[in-house]
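Undergrad: Sequence plus predicted model, see below.
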Amino acid sequence: MITLFNRVISHISIVGVLLTSFALINVLLQFSWLALLILMLAMLMVFLILKQEKQSHKVEIETVKDQPIEETDELESKVQERTLELHIALQELEEANKELQEKNTLDELTGLYNRRFYDQKILAEFRRSRRNLTPLSLVVIDIDHFKQVNDNYGHLAGDECLVAVSSCIKRCLRRSADISCRYGGEEFCLILPETDSNGAISLAEELRESVEVCQISYNNITIKLTISCGISTYLQQKHVKPEHLFALADKALYKAKDNGRNQVIQHVFEKVSDN
C-alpha cells in the first residue's frame, strides 16, 4: 500500500514539474496573467507534493521505529509465557519424579525404606565414613518367633506386628541422619552414621525395650513381641567393605537368637582378608 502511494506521488511530482516548466516557458515567451496563474498553480502543486512526501516519509520512519518495538514486546511476552509454562511443567515433573522415587524406595506396609534404598545408602554412608574418618554402625533386627505369629493368627496379624515394630523404630530414631529400612520379611536394618558401638548398643537396647512393652491388638487378641539385634561398627578397618559390615551384624544377630533371643549382641571386626 505504501509503495503504491509513493508511485502516485512520484507521478504527480512529474506532472507538477512539467506544468512548472510549461509555465516558465510561457512567461518567457509571453508574460500574461494566464501564464502567471499557471505558474503559481504549478508552484503551489509542487509545494504541496513536497510537503506530502515529507509527511509520508516521516510516517514511514515512525512506522519502522514502532514496528520492531511492538514485535519485540510481543516476542518478550511470548517468551515469558513459554518460560512460565516450562517452569510449571518442570515443577510437575519434579514432583512426579519425587513421588515415583519415594514409591521405589519405601516399603508400602511399614513406611520404612526398602532393601533397594538400603543397598544404595549403606554404600554412600560407608564411603562418607571412610572419607571423614567417622564411625558407622549397623544394627540388624529380627522379630523373634515371627513365624509362629503368622501360623497362629494369620498373615494379617503378622502385618500388624510389622507395622507396630516399625512404629517403635521410628520413635527411637531421633536424628534425621539415621536411616531405618525393612530389609526383608521380619528383618530390619538401622544405618547409624557417626555412631560408635556404645551409641548403637544404647539405641538398640532402647528399641528392644520399646518393642517388649508394646502390645499389638488384632481381632480382640493381644500379641506380645520381642526382637533380637546384632550390631557391627566400622572404624576404618583395613579391607572392610559394606558387605562385611552387614555380615558381621547378621552374625551377631544369630548369636543373640542362639543365646535365647530378646537381646542385643555386638560383634567386633576381626582381621579381614583383602581377597
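TA: That came through fine.

Undergrad: Contact partners for residue 219?
TA: 153, 157 (CB atoms under 8 Å, 6 or more residues apart in numbering). All C-beta spots, glycine's among them, are computed from the backbone N, C-alpha and C.

Undergrad: ugh, typo on my part, it should be residue 129
TA: Counting by CB under 8 Å, 6+ apart, residue 129 has contacts 135-136, 193-194, 234, 236.

Undergrad: Now the phi/psi pair for it, please.
TA: The phi/psi pair for residue 129 (degrees, to the nearest 10) reads phi -60, psi -40.

Undergrad: So which of the contacts of residue 129 sit within strands?
TA: Judged by DSSP state E, strands contain the following of those: 136, 193, 234.

Undergrad: List just the nearest of the residues you listed to residue 82.
TA: residue 193 (43.9 Å; CB to CB).

Undergrad: returning to what we had before: which one (most neighbours) among the ones in strands among the contacts of residue 129?
TA: The most crowded member of those, judged by other CB atoms under 10 Å, is residue 136 (26 neighbours).

Undergrad: So in terms of bridging, what pairs with that one?
TA: residue 193, residue 234 (DSSP bridges).

Undergrad: Wait, it touches residue 190, no?
TA: No. Judged on CB atoms under 8 Å, residue 136 makes no contact with residue 190 at a distance of 11.3 Å.

Undergrad: Specify the residue ranges that define each domain of this protein.
TA: 2-78, 115-266 (automatic domain parsing).

Undergrad: Which of these has the lowest mean pLDDT?
TA: Across the domains of the chain, domain 2-78 has the smallest mean pLDDT, namely a mean of 58.

Undergrad: Ramachandran coordinates for residue 78?
TA: Per degrees, to the nearest 10, the backbone of residue 78 is at phi -70, psi -40.

Undergrad: Tell me, how many residues neighbour it?
TA: 10.

Undergrad: So which residues of the stretch 151-275 of the chain form strands?
TA: Taking DSSP state E, counting those that start in this stretch as the criterion, the stretch 151-275 of the chain contains strands spanning 179-184, 187-193, 215-218, 221-224, 227-234, 264-266.

Undergrad: and those, which is most packed in?
TA: strand 227-234 (a mean of 26; mean count of other CB atoms under 10 Å).

Undergrad: Using CSV, write out the CA atom coordinates for it.
TA: C-alpha atoms of strand 227-234 as CSV (Å, rounded to 0.1, in the frame of the first residue of the first chain):
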residue,chain,number,x,y,z
ILE,A,227,13.2,-58.6,69.0
SER,A,228,16.9,-59.6,68.7
CYS,A,229,19.6,-57.2,67.5
GLY,A,230,23.1,-57.6,66.1
ILE,A,231,25.5,-54.7,65.8
SER,A,232,28.7,-54.0,63.9
THR,A,233,30.7,-50.8,63.8
TYR,A,234,33.1,-49.6,61.1
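
Undergrad: what angle do that strand and strand 187-193 make?
TA: 30 degrees (axes from the mean of the first three to the mean of the last three CA atoms, to 10 degrees).

Undergrad: Now do strand 227-234: which elements does it pack against?
TA: The helices and strands touching strand 227-234, judged by 3 or more CB pairs under 8 Å, 6 or more residues apart in numbering; DSSP states H and E, are helix 115-132, strand 136-143, helix 197-213, helix 242-258, strand 264-266.

Undergrad: Present the ones you listed as a markdown table; the columns should include distance to residue 74.
TA: Below are those laid out as a markdown table (distance: least, CB to CB, whole Å):
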| stretch | distance to residue 74 |
| --- | --- |
| helix 115-132 | 49 |
| strand 136-143 | 59 |
| helix 197-213 | 64 |
| helix 242-258 | 59 |
| strand 264-266 | 71 |
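
Undergrad: looking at these, which is buried most?
TA: The stretch of the helices and strands packed on strand 227-234 with the highest mean neighbour count (mean count of other CB under 10 Å) is strand 136-143, at a mean of 25.

Undergrad: quick one, that one and helix 197-213 angle?
TA: 20 degrees.
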